[in-house]
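# What shape does this take:
(one chain, ligands or ions: 1)
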Amino acid sequence: MRTKLVAGNWKMNGSLASNAHLLSALTSGAVASFNAKLAVCVPYPYLSQANLALAGTTIALGAQDVSEHEKGAFTGEVSAAMLMDFGCRYVLVGHSERRSFYGDTDAVVAAKFDAACKAGLVPILCVGESLAEREAGTTLQVVTRQLDAVLAKSGVAALAAAVVAYEPVWAIGTGLTATPAQAQEVHAQIRARIATESIEIAANVQILYGGSMKPSNAAELLCQSDIDGGLIGGAALVAEDFLAIAKAA
Ligand code: 13P
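This next block holds a predicted model:
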């Protein structure tokens, strides 16, 4: 039985004041009694604040990106070891906004995934197709290509200590959500692809759904057999909504 994981991706939102409010509302929710594990992926400058606020709670901390390099002359980058220093357990890699706005190719994403694993972080590998790709019927090819880049670089064993998130690009921040059946179909295909390399790892890997998940649609998505949690954007900024989604898991 896979434990469910509900992770918030705050994206580039927040301030010291608003984070304090949100973190305090999250930590005072009865999260320890939920079936799902919770995590929040916050902007780099707020890692320290969130690390302190979450200390002693069951809510894990994550970052939204990581450098593929270990250290050195890479101005503006943040290494996996630095994220470990600030108490991170998770890091997003290959979010569609990184892929589309910042040029993260499949190879870069695979290198970031590898760097995260080597440092002891749990990468949350984001995959997903654009609307044009879905309409062209290439969803499976796109998602498989994104996954295969990581499998080729790190090997299937690395997925035993990683999480996959299926986020159809057309559903992110648009209010459009994949139907439970559409999401389940892709999740099952991701698991089947991993099973061609290791049935055991495929059976255990958590595959999250992301894309306009909210309290009103969370339960029907989260009860699908291959959906093991959510990666939540907008609704993760509202404590009440994030907690309601986690409770539904
Ligand atoms: P929304 O929940 O705002 O659609 O964002 C999803 C997402 O991109 C999470 O990483």
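# Now do the contacts for A39.
Each residue near A39 by C-beta atoms under 8 Å, 6 or more residues apart in numbering is listed here: 5-8, 59-62, 89-90. The C-beta positions use only the backbone N, C-alpha and C, and glycine is treated the same way.
# What is the burial count for the residue of the chain found nearest the ligand?
With C-beta to the nearest ligand atom as the measure, G233 is the residue of the chain nearest to the ligand, at 2.2 Å. Other residues near G233 come to 22 when the count uses other C-beta atoms under 10 Å.
# Could you tell me which residues make contact with it?
Residues in contact with G233, defined by C-beta under 8 Å, 6+ apart, are 8-9, 11, 172-173, 210, 212.
# Keep only those of those that are in strands.
Cross-referencing these against strands under DSSP state E gives 8-9, 210.
# what's the closest of these to N51?
G8 (15.1 Å; C-beta to C-beta).
# doesn't L54 make contact with the closest one?
No - in this structure G8 lies outside contact range of L54 using C-beta atoms under 8 Å: 11.8 Å.
# can you list residues touching both of the two?
Counting by C-beta under 8 Å, 6+ apart, the shared contacts of G8 and L54 are V40.
# Which one's more surrounded, the two?
Set G8 next to L54 and count neighbours by other C-beta under 10 Å: G8 wins out with 28 against 20.
# measure that one to G137 for me?
G8 is 32 Å from G137, where distance means C-beta to C-beta, to the nearest Å.
# can you check I190 too?
Noted for I190: a distance of 17 Å to G137, by C-beta to C-beta.
# more neighbours, those two?
Legend: neighbour count by other C-beta under 10 Å for I190 and G137, higher for I190 (23 against 8).
# so which strand or helix has the more buried one?
Per DSSP states H and E, I190 falls inside helix 180-195.
# any idea how far that helix is from the chain center?
Relative to its chain's centre, helix 180-195 lies at 16 Å (C-alpha atoms, centre = their mean, to the nearest Å).
# Could you do stretch 211-225 as well?
The chain centre lies 15 Å from the centre of stretch 211-225; the measure is C-alpha atoms, centre = their mean.
# distance between the ends of stretch 51-68?
When the termini of stretch 51-68 are compared using C-alpha to C-alpha, to the nearest Å, they are 23 Å apart.
# residues in the chain within reach of the ligand, list them.
Near the ligand, the residues belonging to the chain are 9, 95, 167, 172-173, 210-213, 231-235 when assessed by C-beta under 6 Å from any ligand atom.
# Just the buried ones from the residues you listed?
For the residues of the chain next to the ligand, a neighbour count by 16 or more other C-beta atoms under 10 Å gives the buried set as 9, 95, 167, 172, 210-213, 231-235.
# I'd like the ones in strands among the contacts of G233 as a markdown table, with distance to F242 and pLDDT appended.
Listed next are those as a markdown table, based on distance: C-beta to C-beta, whole Å; pLDDT from 0 to 100:
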| residue | distance to F242 | pLDDT |
| --- | --- | --- |
| G8 | 6 | 98 |
| N9 | 11 | 98 |
| G210 | 13 | 97 |
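# Could I get the pLDDT score of A32?
For A32, the pLDDT comes out at 81.
# What pLDDT is listed against the closest residue in space to it that isn't next to it in sequence?
Among residues not flanking A32 along the chain, T58 sits closest, at 5.2 Å (C-beta to C-beta, 6 or more residues apart in numbering). Here, the pLDDT recorded for T58 equals 95.
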